[in-house]
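Q: only geometry, no sequence info:
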């Protein structure tokens, strides 16, 4: 009898152990797709626009080389930057009698280059030329003047002359495709020394000056931080018959403060799962409920963090973060302009270390960060999106019947308010195992396909981890830069030839970890 009780007890223990084991194993994540069930054209708002620091940086050879590369790999159409009218662009001066003198030689060099690589400017009008400024208040190392004009008529004349120049140089039909945005973040004292009322005055003078050249040219604002002044802007334009074609604003995914170019106050990645994307959805609702419900919405700056001294930008977490936010936004915005494409960015002055938490997709030396690959992967998607109930993936096909998929896990591993990003994301942060991901696609046309799978994640196209493993040198030699690039060059980790039979389901299982991003390509041979 004792033997029977013992046997039963052992069986119960075994059953309990198996139950516990089953509890610990999370269910597999399955993405079911039918090749023949289309959602529609892929929404490409993610690559409509990208940011850059300031116009004068665009005269540098390395900046131009990097933008050419990013344009080719990521497909961005427009670029927005500060400082088009600041003194280092030599646009405006006055003679001894106070008469305006205009000079567009530097602007022409920059815009001609953009035109040569197939990009268009999202023209930000700012900051104030010193000889037109009402005060001496400036921002950043390069001293952009943020005061209102001392003469609004002269400001309007400058805007009119500039737009006339663009029209003469590039043609009316081309400039009709551009956007003109008035100022940057006027709701922050650091960027605008005037009041809201004075900003609206600046806006009306600017918008009228642009429309005076051509009524079809597109103008908007207010380019605010934190989705501010949207309703007020629309109300002002309605009451004052001020032209407006779009609303622009900005959002970042961290808590506490703004305008901290050195990162000294510390940032914390927001645990709210709808940070950034929630702002965008609310902006669209505000516009829809306004007197101008059909205005375009452009988020002309966005990222995980508002400071160019935040190591989250260098981390592999950023790639999955960006994909998650863009997926959540859906069709609410006409563009989401990632801030910025390169660490050649000097708000805090020239930076001396290779990985300093800069905004860029590329380091100063042109090393691809993980977020670069997120945009590269999206740009490789076909133009037809397939119906998909999974919240963290896109699956597409192109006109040739090839299939592409971007899928990811986003897990906010930040420990919370007690630790700043500047302390957390500089560490080596190994990722934890997540449930396997199975992609199943039915009704792919019969044939032989070349399968390639790419990955971004911890120590996979993760240049910062490579840099850490090298001991974080303050300066990188040419050989060290080449080593980091070679270790993180975006090559596929798997290449196979697969046969798809009629009526079968293509299936692929992927081992996933926190914040992994995968790109899968099936090309018919």
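A: Alright, I've got the coordinates. None of these values were measured; they are calculated from a predicted model.

Q: dump the residue contacts of residue 270.
A: 253-255 (CB atoms under 8 Å, 6 or more residues apart in numbering). (C-beta placed from N, C-alpha, C; glycine too.)

Q: cool, and residue 152?
A: Residue 152 touches 201-202, 205, counting by CB under 8 Å, 6+ apart.

Q: just the strands in the stretch 101-250 of the chain please.
A: 120-125, 138-139, 144-145, 179-182, 218-225, 246-252 (DSSP state E, counting those that start in this stretch).

Q: Residue 428 is nearest to which of the ones you listed?
A: strand 246-252 (25.1 Å; CB to CB).

Q: Tell me the helices and strands packed up against that closest one.
A: strand 218-225, helix 230-240, helix 277-288, strand 296-303 (3 or more CB pairs under 8 Å, 6 or more residues apart in numbering; DSSP states H and E).

Q: Single out the most deeply packed of those.
A: strand 218-225 (a mean of 26; mean count of other CB atoms under 10 Å).

Q: give me phi/psi at the nearest residue to residue 255 once chain neighbours are set aside?
A: Among residues not flanking residue 255 along the chain, residue 268 sits closest, at 4.8 Å (CB to CB, 6 or more residues apart in numbering). Phi and psi for residue 268, reported as degrees, to the nearest 10, are phi -130, psi 120.

Q: And for residue 328?
A: Per degrees, to the nearest 10, the backbone of residue 328 is at phi -70, psi -30.

Q: ok, the nearest residue to it once chain neighbours are set aside - contacts?
A: Counting by CB to CB, 6+ apart, the nearest residue to residue 328 once its immediate chain neighbours are dropped is residue 277, at 3.6 Å. Going by CB under 8 Å, 6+ apart, residue 277 touches 325, 328-329.

Q: Per-residue pLDDT of residue 255, please?
A: Note for residue 255: predicted pLDDT of 85.

Q: From what I see, it and residue 266 are in contact.
A: No - Residue 255 is beyond contact range of residue 266, at 9.9 Å (criterion: CB atoms under 8 Å).

Q: Looking at the two, which is more packed in?
A: For residue 255 versus residue 266, the count of surrounding residues by other CB atoms under 10 Å is larger for residue 266: 18 against 14.

Q: hang on, the more buried one in a strand?
A: No - Residue 266: not assigned to a strand; according to DSSP: H, G, I helix; E, B strand; the rest coil it is coil.

Q: What score does it have for pLDDT?
A: So residue 266 comes in at 85 (pLDDT).

Q: of the helices and strands packed on strand 246-252, which approaches residue 378 most closely?
A: strand 296-303 (14.9 Å).

Q: So what's the residue count around the residue nearest to residue 183 when sequence neighbours are not counted?
A: The shortest distance from residue 183 to any non-neighbouring residue, by CB to CB, 6+ apart, is to residue 126 (4.8 Å). For residue 126, the neighbour count with other CB under 10 Å is 24.

Q: ok, now which ones touch residue 126?
A: Applying CB under 8 Å, 6+ apart, we find residue 126 in contact with 82-86, 144, 182-184.

Q: Centroid-nearest residue for the chain?
A: With distances taken as CA atoms, centre = their mean, the residue of the chain nearest its centroid is residue 338 (2.0 Å).
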